[in-house]
Structures are given as C-alpha cells and as structure tokens.
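Asker: Predicted model and sequence follow; I will ask about them next.
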Amino acid sequence: MKQHPYIYTLLWAFGTVAFIALSSYLVGSLARFISKLAGQSRQRQENTFAGYFFASPWIVGFLIFVVFPMVASLYWSFTDYRIGTPSTWIGLENFIRLLAADREFRGSLINTLFLTLFGLPLQIGFALFLAVLLNRKLRGERVFRMTFYLPVILGFNAAVLLCWRLMLNAGNGIIDQIIRAASRAFPPFGWLNRASIYVVEIVNGFFLGLTNGNYTLLNNVYETGFPAANRVPMWIQTPLWTKMSVILLMVWGCGSMMLIFLAGLNAIPREILEAAEVDGANNWQQFRKIVFPLVTPYIFYNLVVGMIATLQIFEPIYVLYRDNQPLAPSAYSMVYYLYQATFRFNEIGYGSAISWLILVIIAIVTFVQFRWQNRWVEYDLI
C-alpha cells in the first residue's frame with residue numbers, strides 16, 4: 001500500500017466520506033428514535049431525522065476534535081504522561097509545580113501580562129484612531145481601508161513574520177533605517193526617539209527583573225543614561241526590546257478592530273454631531289462627550305476579543321525567537337511555553353495542565369470584564 005501513495009490517499013478519502021455518511025445516518029436515526037419515544041408525529045420524526053442528519057457532520061466533528069481532546073487533556077493534566085511511556089496518576093502535582101516551582105512559567109505569565117497591559121491598549125487606541133480618520137470621508141478612503149485591513153488578510157503566517165524579522169534588524173532593517181533618516185532630517189523626532197527608547201528600556205528592564213529576579217539590565221540602562229544620538233530600537237537584538245517587537249506586530253494587525261470601530265462610528269446619528277457643532281463644540285469636545293461614550297460597546301467587544309487573543313499569542317514569538325535561545329525567554333508567552341513543554345520536551349501531562357490553567361485565566365478575565373462593563377459601557381446611548 002505504501003508503494004502506491006495515490007491509492008492510499010484515495011482509500012483514506014473514501015473511508016472518510018463513508019464514515020461521515022454512516023455517522024450522519026446513525027445520529028439522525030438516534031434523534032428520530034428519541035423523537036418517537038417522545039410521542040411526536042411521524043412527520044415530526046422525519047423532520048428530526050433530516051435535521052440531525054445534515055447537522056451531524058459538524059456534531060461528530062465537534063465531538064471528535066474538540067470534546068474528546070478536551071476530556072483527554074483534562075485527564076492527562078493530572079498524570080505524568082510523556083510520549084512513549086504510560087501515564088501515571090499524580091493528582092495536582094502538575095498544577096503545584098506550575099504555580100509554586102516553575103520559574104519559566106512565571107516568566108511567561110509576566111511576559112503575557114506585559115503584552116496585555118501595554119500592547120492591547122495600544123492596539124485598541126490605534127484602531128480607534130484609524131477608524132476616526134476613515135470616518136471623516138477623505139479622498140481615497142477605500143484605498144486606505146484596504147491598506148489598513150491588509151495585515152488582517154495576510155495574518156501572522158510564517159512568510160509575513162519572516163519579512164518582519166528582516167525589517168526589524170537593527171543593522172540594515174528598513175524600520176530603523178527610516179528612524180535614522182527621520183532623526184537626521186528632523187532633530188525633534190530624534191529627541192523623541194531617544195526618549196522613547198529610554199522609557200521602553202527602563203520599563204522592560206523592570207519587568208525582566210520581575211521575571212528572573214535579576215535587575216542587572218535595569219541597572220545598566222539607568223547607569224548608561226539617556227541614549228546617544230545614533231541609537232535606534234534594538235527590536236530583535238536585546239531582551240529589552242523583544243516584547244516591544246511583538247507589540248509592534250499587534251498594532252500592525254489592528255485592522256479587524258478598526259472595522260468594528262468604523263461600524264460603530266457610522267451608526268452614530270449625524271444629527272447629534274451637527275447639533276453639537278451648532279452649539280459651538282469643537283472636534284475634540286464632540287469626540288470626548290458624544291463619540292467616545294457611543295462607541296464604548298465596541299471598545300468593550302474589542303477589549304474582550306483582543307484580550308483573549310493576547311493571552312493566546314504564539315505565532316510572532318515562535319517565528320521571531322524560536323532559534324534565538326538567549327533572547328527567547330524574554331519573549332515567551334504562556335502558549336509558547338505550552339508548546340515548548342508539550343512538543344519539545346514531550347511532557348504531555350504537564351502541557352495539558354498548562355493549557356487548562358490558561359483556560360481558567362481566560363475565563364476569569366472574561367468574567368471580570370463582563371462584571372465591570374456596567375461601570376463604563378454606555379448601552380443606553382445607542
């Protein structure tokens with residue numbers, strides 16, 4: 001069979017189709033039998049069979065690829081299970097190790113917290129800024145919309161991220177080349193660039209100290225003082241900038257948030273803004289008093305979805321730093337650490353415990369957001 005890969009593939013394809021048809025028939029028959037036991041009419045029974053027959057490919061797929069792996073992962077999280085060895089029940093030891101003894105997981109948790117505290121607000125703020133600009137009906141609006149949404153279409157695939165890796169190179173990367181040229185042509189921009197570098201490295205040095213308990217990098221930044229005139233961001237060359245490169249990619253991919261905000265801005269009645277303009281309100285007053293309260297439901301939606309995505313961020317870290325072990329720990333996210341434990345060190349049980357802990361964290365954060373939304377989200381103004 002292995003000598004004929006095309007026949008092997010065709011047999012698998014026919015087997016898959018047969019399995020889908022058979023499972024659909026069985027699920028539909030079971031639903032019809034339950035409907036019969038409930039005393040429903042024959043027409044109702046046939047309708048039930050037809051409905052479940054056509055819905056069963058999704059139902060069976062959900063059970064096989066979601067429910068069963070989740071149940072298996074929950075069981076493995078309480079075991080010492082490695083590939084090639086039988087699993088051994090150890091109870092809560094994996095979770096105790098995670099929360100009390102694993103410094104690398106604590107570091108990944110702090111890194112993810114950094115991306116959430118600094119990257120997500122920047123992403124949401126920049127998306128709202130772009131939406132406000134596009135809502136002004138400028139010439140070439142469709143071109144700008146396509147340009148701003150293009151990163152969402154491209155996504156965080158390997159080819160795009162490898163291009164970003166080249167662009168973020170401090171020596172010949174185009175981003176730092178532009179920063180150098182702008183600093184020479186416009187000295188105030190150079191001062192702003194150096195000040196931002198100093199602030200970023202101070203903040204990152206502090207968080208790196210929280211991660212490993214060593215504040216040497218923070219002390220070095222403080223002792224070195226204000227950056228020299230020729231300094232540029234060292235995006236992928238130093239631990240002080242690894243998380244900022246990920247944040248830059250998060251901001252770059254804010255197109256979907258921008259569309260949500262744009263839909264919210266278009267839903268605001270023009271009469272309200274025109275009445276405010278007649279009363280003498282300038283653009284900033286209109287935005288602060290009218291526009292911002294009316295888009296808070298859209299901000300809340302983007303905040304919930306964005307926070308879930310940030311807590312699961314993986315691709316940029318994997319492509320940018322997977323082969324740079326000296327820098328990788330400074331950029332680890334919780335999901336990247338889950339990947340390391342599960343697929344690099346083959347600790348299936350420990351990786352399952354990490355995945356369930358991440359699920360609990362996401363659930364708690366989402367619950368808190370929904371509990372607090374009434375304090376700042378203005379649904380009554382819609």
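Answerer: Perfect, I can see it now.
Asker: where along the stretch 1-150 of the chain do the strands fall?
Answerer: Remark: strands assigned in the stretch 1-150 of the chain by DSSP state E, counting those that start in this stretch are 79-80, 88-89.
Asker: could you dump those strands to JSON lines with distance to residue 298?
Answerer: Every C-beta, even on glycine, is put in place using the N, C-alpha and C of the backbone. Formatted as JSON lines, the entries for these read as follows, by distance: least, Cβ to Cβ, whole Å:
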{"stretch": "strand 79-80", "distance to residue 298": "44"}
{"stretch": "strand 88-89", "distance to residue 298": "47"}
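Asker: So which of those strands is nearest residue 296?
Answerer: Shortest separation from residue 296 across these is recorded for strand 79-80, at 45.3 Å, computed as Cβ to Cβ.
Asker: Tell me which strands that closest one pairs with, and in which orientation.
Answerer: Paired with strand 79-80 in the same sheet, following DSSP bridges, are strand 88-89 (antiparallel).
Asker: chain center to the strand it pairs with, what's the gap?
Answerer: Here strand 88-89 shows a centroid-to-chain-centroid distance of 33 Å under the convention Cα atoms, centre = their mean, to the nearest Å.
Asker: try stretch 298-312
Answerer: For stretch 298-312, the gap between its own C-alpha mean and the chain's C-alpha mean amounts to 8 Å (Cα atoms, centre = their mean).
Asker: most tightly surrounded among the strands of the stretch 1-150 of the chain?
Answerer: The densest packing among the strands of the stretch 1-150 of the chain, expressed as mean neighbour count by mean count of other Cβ atoms under 10 Å, is seen in strand 79-80 with a mean of 18.
Asker: And the contacts of that one?
Answerer: Contact partners of strand 79-80, identified using Cβ atoms under 8 Å, 6 or more residues apart in numbering, comprise 87-90, 93-94, 349.
Asker: Would you check which pair of those lies furthest apart?
Answerer: That would be 87 and 93, which, of those, are the farthest apart (Cβ to Cβ) at 12.9 Å.
Asker: circling back to that earlier point, okay, the strands of the stretch 1-150 of the chain in JSON lines with distance to residue 50 and mean pLDDT next?
Answerer: As requested, the strands of the stretch 1-150 of the chain are exported to JSON lines (distance: least, Cβ to Cβ, whole Å; pLDDT from 0 to 100):
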{"stretch": "strand 79-80", "distance to residue 50": "43", "mean pLDDT": "92"}
{"stretch": "strand 88-89", "distance to residue 50": "45", "mean pLDDT": "90"}
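Asker: Specify the stretch among the ones you listed that is closest to residue 242.
Answerer: Put simply, out of these the one that sits nearest residue 242 is strand 79-80, at 32.2 Å, with distance taken as Cβ to Cβ.
Asker: about what we covered before: of all the strands of the stretch 1-150 of the chain, which one comes closest to residue 343?
Answerer: Taking Cβ to Cβ as the criterion, residue 343 comes closest to strand 79-80 out of the strands of the stretch 1-150 of the chain, the separation being 17.2 Å.
Asker: Show me the protein divided up by domain.
Answerer: The domain map for the chain lists 5-76, 102-168+235-381, with the assignment taken from automatic domain parsing.
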